[in-house]
Structures are given as C-alpha cells and as structure tokens.
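>>> next come a sequence and a model predicted from it.
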Amino acid sequence: MAAMGGPSGTSRNLAQAMAEGGPAPLPPAGRPGHSPRFGDALAAEVIPRLRLAHADRAPILALAESGPVDVLGAMLLRHDAISATAYVEMLHRSGTSAEDLCLDLLAPVARLLGHWWADDVCDFVTVTLGVLHLRRLREAMLPRLLQGAPLLRPGAPSILLAPVPGEQHVFGLEMVADFFRRAGWHAMVVPVRSIADLTGLLRREHVDILGLSSGAAERMDVVARTIRKARQSARNRCMGVMVGGPAFDRHPGQAPLVGADAMAADARTAPVQAARLMQVLGRRPGQDRHDFQGGRVPLP
C-alpha cells in the first residue's frame, strides 16, 4: 500500500560496485535525498566501521555523497547489519523522525533490494537477509512511532492486511499496520497462501476493512477474484475493501474495476482514507468482532 519508485541508474551502479568490491560511483551533484549533515555524520561514524570490516575492498568514501536510501541499501548488500543499524540511529539522532525513517528510508530500501534482485545485482539470500534486518530496524523504531498513540479500545475499527494470494511480500504491509495501530485501529497482517486461506479467516473474524496489496499489474484478475470471494465469505457482510501496492500505484484506475471501494496511496494516509470509507459506507466498527490483538495471526 506504499507508493513505489524505481531505483535510479546511480543506485544500481552503486549496488554493483559494492557487490563487486569496486569503487562506488559518485552520484550527480545536487542529488535528491543527499544532505551534507547526513554525509558528514556518515563519514565520521559509519564509513570508518565499513573500512575496518572490509579492509580488503576498494575505498567507499563515495558513499558519503550518496542519498540515505542508497547508503543503507549498499550496507545491506554487503550484509553489514551493524553499520546499517548505526546509520539509522545516527539519522534519528540528527533529527529525522521515526515516521520519516519508516516511510522515506526503510520502505524505499526494501523496494530497492527488490529491484536489485530483479536486475540480478544480488541474490535471493541477500534480499531475504536484507529485508529481515529492515524488519528489525522497523521494530526498533516502532515504540517511537507509536509514542502518543491512543490506547487500543475494544470497539475500535479493525483492518486485515494481506498480499494478494500468490505474492509473499509483507514488509510494506507490516509498516502500514503500524500506522493503523498508531491511529487507534486493530490491525493484523496475514501472508495468505491462497484465496481459501483468506476467506476462511474472514468467516471467523469480523473485519471492518480488508486491505489487499499487489505488486503485479498483470494479476488484476486474481485481485478481482480475491475481492469477490472475500465479500461472499466475510462474516461482516458490510466489509469495506481497500487496495494498494505497486500495481495500483502504476494503474490507480484499476481499483474500482477490481471491485475495491478505495485505493490507499501510502501508509501515512491509509488510516485516514479507511476512516473516511467507513463513514461513507455507514459502518459501525467492531460489531460482533473477535479481537485479534493487532498482530500477525497464523494461517489455518
């Protein structure tokens, strides 16, 4: 449900250079996302650690001139979780909010790793380990993100977030769920394996909003079939449906065609859109709902 953007040519060249051990290319002057404060702090705190860890590799001082997304992605490409953690903490101490770190750094890096894998810059193991560490960074940021959030009440609205069956990426959805929890929603993320998994869960749980994410525009028929079956099976006969993800970012006009009530552009605005949807449809949140504790639940 987060907005998607492809990696720049510089990002890909940086990844290849880091993977091959060659010098990282300098990005163009005035590159968006570059901040002298970020670069100075990186040079002072993180690059020396990278030098020590990879003394046999070519110099990588050019990383100090790269944007934060490129820098963190390159660290994860080299399996340097220690430097990645230090870098994110340094950005937070420098004044970047937990919200901005989640949406403008962690989420884009997850997408960047996916693009690098698709371009054969890195292998599946590297992507898997990279996303695993991104999840740990997100979890470390979660208390700061939820600071000041309202207490979760029994009658709060509920949302179930899932990738379209056949797709496995849930990192972005977990981040979306965090923003719903910050807005006072019960939220759970389920990596469903099939439409039957999803419909079985919807029969057991009262869900106010179903949020589906898809990364492949060519699978719109699967999205439409999933929504149709979900509505037919839902315990809550008035359940609303929202869609999002890369497929809908590129083709927003497809949302009503697949049977969705609304499209969420990003994690920051998704809870607002969901609340408006419930108002428009005249829903009463939480009616006959089983609490699911706001977390991921096991599949049947």
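Yep, that arrived.

>>> only C-alpha atoms for contact and neighbour calcs from this point on.
OK.

>>> and the helices in the protein?
Using DSSP state H, the helices found in the chain span residues 9-20, 36-45, 47-53, 68-77, 81-93, 98-101, 107-118, 124-145, 171-182, 195-204, 220-233, 246-250, 254-257, 270-281.

>>> what's the average pLDDT for the fourth one?
This points to helix 68-77. In this model, helix 68-77 has an average pLDDT of 91.

>>> how many neighbours does Arg237 have?
By other C-alpha atoms under 10 Å, 13 other residues sit near Arg237.

>>> rewinding a little: wait, which of the helices of the chain is closest to Leu212?
helix 220-233 (8.1 Å; C-alpha to C-alpha).

>>> make CSV from the helices of the chain and add distance to Pro163 and mean neighbour count to it.
Output for the helices of the chain, formatted as CSV (distance: least, C-alpha to C-alpha, whole Å; neighbours: other C-alpha atoms under 10 Å):
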stretch, distance to Pro163, mean neighbour count
helix 9-20, 27, 19
helix 36-45, 34, 16
helix 47-53, 36, 16
helix 68-77, 24, 24
helix 81-93, 27, 18
helix 98-101, 23, 18
helix 107-118, 15, 21
helix 124-145, 16, 17
helix 171-182, 8, 24
helix 195-204, 10, 18
helix 220-233, 10, 18
helix 246-250, 11, 21
helix 254-257, 15, 17
helix 270-281, 16, 17
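
>>> including distance to Pro157, could these go into JSON lines?
Listed next are these as JSON lines, based on distance: least, C-alpha to C-alpha, whole Å:
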{"stretch": "helix 9-20", "distance to Pro157": "40"}
{"stretch": "helix 36-45", "distance to Pro157": "39"}
{"stretch": "helix 47-53", "distance to Pro157": "46"}
{"stretch": "helix 68-77", "distance to Pro157": "34"}
{"stretch": "helix 81-93", "distance to Pro157": "31"}
{"stretch": "helix 98-101", "distance to Pro157": "22"}
{"stretch": "helix 107-118", "distance to Pro157": "25"}
{"stretch": "helix 124-145", "distance to Pro157": "20"}
{"stretch": "helix 171-182", "distance to Pro157": "10"}
{"stretch": "helix 195-204", "distance to Pro157": "15"}
{"stretch": "helix 220-233", "distance to Pro157": "18"}
{"stretch": "helix 246-250", "distance to Pro157": "24"}
{"stretch": "helix 254-257", "distance to Pro157": "22"}
{"stretch": "helix 270-281", "distance to Pro157": "9"}
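
>>> of all those, which one comes closest to Met263?
Here helix 254-257 is closest among the helices of the chain (C-alpha to C-alpha), at 6.2 Å.

>>> contact partners of that closest one?
With contact meaning C-alpha atoms under 8 Å, 6 or more residues apart in numbering, helix 254-257 is reached by 220, 224, 243, 248, 261-263.

>>> mind redoing it with 7 Å?
Outside helix 254-257, the residues that touch it by C-alpha atoms under 7 Å, 6 or more residues apart in numbering are 243, 248, 262-263.

>>> could you do stretch 235-251 as well?
1-4, 202-217, 254-255, 260-265.

>>> which of those count as buried?
Neighbour-count burial (16 or more other C-alpha atoms under 10 Å) is assigned, among the contacts of stretch 235-251, to 1-4, 202, 205-215, 217, 254-255, 260-265.
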